[in-house]
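Trainee: Next come a sequence and a model predicted from it.
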Amino acid sequence: MITPECVRRLAAYNAWQNRQLDAAMGKLDHAALLVDRGAFWGSILGTANHLLWGDATWMARFGVGAAPERPLADSAALFPTHPAWSAERFRLDGRITLWAEELRAVDLVGRLRWYSGAAGREIEKPVGEIVLHMFNHQTHHRGQIHAMLGAAGVTAPVSDLFLMPEDG
């Protein structure tokens, strides 16, 4: 379903997109980042926090780093400011990139079992499918942030994978 090469490309895309979102978010003041814009996680910063929370949670399930201490319901409040979020986003994207660089095909087979707070039960799925889910989840919420940035008057970044610079 998914190869280590694909995971590396998606990790590079994730980091590239997050650098662009970080720069675009930096054009807004703190209050504008906290305005409830009607997205599921409310604000631009809330959605960015939830996305970071989700990435950290998945990476912990893959055995890379610790899961956030906050529950899903509090994920939008993970970091109170853009600079705090930005620093942690940079660190986490580095962790995702290093993990992807070390992946082997065998790491993407088998099954992953975890307790899902969202579902309220144990879940078991193919590892490759769950890795793909993590990257799909990123794209979903970055799309929401992209729309909210535009609504806030900030030119949203380019998000087309085929336009990603070769060096990521």
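Mentor: That came in fine, so what should we check first? Predicted, not measured: the structure shown is a model, and the values here were computed from it.

Trainee: okay, now the residue nearest to S86 when sequence neighbours are not counted: neighbour count?
Mentor: Closest residue in space to S86, ignoring its immediate chain neighbours: D22 at 5.1 Å, by CB to CB, 6 or more residues apart in numbering. Backbone N, C-alpha and C define where each C-beta goes, glycine included. Neighbours of D22 under the rule other CB atoms under 10 Å: 19.

Trainee: I'd like the distance between D22 and G38.
Mentor: Look at D22 and G38: by CB to CB, to the nearest Å, they are 22 Å apart.

Trainee: so what's H50 up against?
Mentor: By CB atoms under 8 Å, 6 or more residues apart in numbering, H50 lies in contact with 41, 75-76, 78, 141.

Trainee: So it belongs to a strand, correct?
Mentor: No: under DSSP: H, G, I helix; E, B strand; the rest coil, H50 sits outside any strand and is assigned helix.

Trainee: And it, what's its pLDDT?
Mentor: Predicted confidence (pLDDT) for H50: 97.

Trainee: packing partners for the one helix or strand the residue nearest to S86 maps to?
Mentor: Secondary-structure element containing D22, defined by DSSP states H and E: helix 4-25. Packing contacts for helix 4-25, counted by 3 or more CB pairs under 8 Å, 6 or more residues apart in numbering; DSSP states H and E, involve helix 44-61, helix 82-102, helix 127-151.

Trainee: Now that helix - C-alpha only, PDB.
Mentor: C-alpha atoms of helix 4-25 as PDB (Å, rounded to 0.1, in the frame of the first residue of the first chain):
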ATOM      1  CA  PRO A   4       9.300   3.900   2.700                       C
ATOM      2  CA  GLU A   5      10.000   6.200  -0.300                       C
ATOM      3  CA  CYS A   6       6.400   7.400  -0.300                       C
ATOM      4  CA  VAL A   7       6.600   8.000   3.500                       C
ATOM      5  CA  ARG A   8       9.800  10.100   3.000                       C
ATOM      6  CA  ARG A   9       8.100  12.200   0.300                       C
ATOM      7  CA  LEU A  10       5.000  12.800   2.500                       C
ATOM      8  CA  ALA A  11       7.200  13.700   5.500                       C
ATOM      9  CA  ALA A  12       9.100  16.200   3.300                       C
ATOM     10  CA  TYR A  13       5.700  17.600   2.100                       C
ATOM     11  CA  ASN A  14       4.500  17.800   5.700                       C
ATOM     12  CA  ALA A  15       7.500  19.800   6.800                       C
ATOM     13  CA  TRP A  16       7.300  22.100   3.700                       C
ATOM     14  CA  GLN A  17       3.700  22.800   4.300                       C
ATOM     15  CA  ASN A  18       4.100  23.500   8.000                       C
ATOM     16  CA  ARG A  19       7.000  25.900   7.300                       C
ATOM     17  CA  GLN A  20       4.700  27.800   4.900                       C
ATOM     18  CA  LEU A  21       1.800  27.800   7.300                       C
ATOM     19  CA  ASP A  22       4.100  29.000  10.100                       C
ATOM     20  CA  ALA A  23       5.200  32.000   8.000                       C
ATOM     21  CA  ALA A  24       1.600  32.800   7.000                       C
ATOM     22  CA  MET A  25       0.400  32.600  10.600                       C
END
